[in-house]
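J.: When you get a sec, could you give me coordinates for this:
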Amino acid sequence: MIRRIATATTLIALASTALAGPAPADDARRGPVHPAVVKVKIIGKSVRGTPIRAWQLGNPNARRTVVAMAAMHGDELAPRRILWSLRDGRKLRGINLWLVPTVNPDGARRHHRKNAHGVDLNRNYPVRWKNLDGAYESGPHPRSERETRVMMRFLKRTNPRYVVSFHQPLHGVDSSGPKTSALARRLAKYLHLPRKSFTCGGHCHGTMTQWFNKRRRGAAITVELGTSPSKRYLTRVAPRGLLRAVGGRR
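T.: Numbering: from 1, shown residues only. This is a model prediction of the structure:
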């Protein structure tokens, strides 16, 4: 299992470098003009003090709030292109959309899965947490990591109906829970992905979606985009598909 993870990590890093370019410390310099943006907010800082930015698009007073995030694992950078394309495009209608392109800026800077403490942030949430080491190092205790606490506060404050968390290198929309089944069907349809139940090789403990789906009213879902999604998919197909799935429009 560890050998397969290491191989996948290497492939993701190479593909992400080609698709996303050099990883900046944050998202501040990506795109000089953002006509769709209503607000930019620093929601917290990483272990090494790098700002974690959230971009608000659409109608702040809309009945439906949606959060989309990427790069929780710092070697899974290609999905950020989806969020950057939404941010840098035309104005949105129909939803209140928050984008967090780089949840793990310290890991993204180094193209490394974990944060600066060597913790897998997607094993650090306080639901079904388990003391894991190796590739899935879960930290000394639940929510031990600054980035985890930042995202928990942000999600509590924004109270989204939907949370979409983009990952690599698997391929599909996670359909493992009844709470997310309707959203999973729409995401699979509009993102042109299969519906799957991801087991993490038996290591699905303390994930963001587990915490959110257990403790919050909305639905959180993982979308895996494969090892090397195309530029066209990331900048055209997926942004449109995400909006259609969550009820937004240009």
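
J.: ranges for the strands of this structure?
T.: 37-45, 51-58, 65-69, 96-100, 162-167, 171-174, 195-196, 219-225 (DSSP state E).

J.: okay if I get those as a markdown table plus distance to V119?
T.: Where C-beta positions appear, they are placed from N, C-alpha and C, glycine not excepted. Below are the strands of the chain laid out as a markdown table (distance: least, C-beta to C-beta, whole Å):
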| stretch | distance to V119 |
| --- | --- |
| strand 37-45 | 16 |
| strand 51-58 | 15 |
| strand 65-69 | 17 |
| strand 96-100 | 18 |
| strand 162-167 | 16 |
| strand 171-174 | 22 |
| strand 195-196 | 26 |
| strand 219-225 | 18 |
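
J.: For Y136, find the nearest of these.
T.: Counting by C-beta to C-beta, Y136 lies closest to strand 162-167 out of the strands of the chain; the figure is 13.6 Å.

J.: Against which helices or strands is that closest one packed?
T.: Counting contacts by 3 or more C-beta pairs under 8 Å, 6 or more residues apart in numbering; DSSP states H and E, strand 162-167 packs against strand 65-69, helix 208-215, strand 219-225, helix 238-246.

J.: Show me the one of the ones you listed that comes nearest L121.
T.: Nearest to L121, of those and by C-beta to C-beta, is helix 208-215 at 7.9 Å.

J.: residues in contact with the closest one?
T.: The contact list for helix 208-215, computed with C-beta atoms under 8 Å, 6 or more residues apart in numbering, reads 72, 121-122, 125-128, 151-152, 155, 163, 165, 174, 177, 179-180, 204, 218-222.
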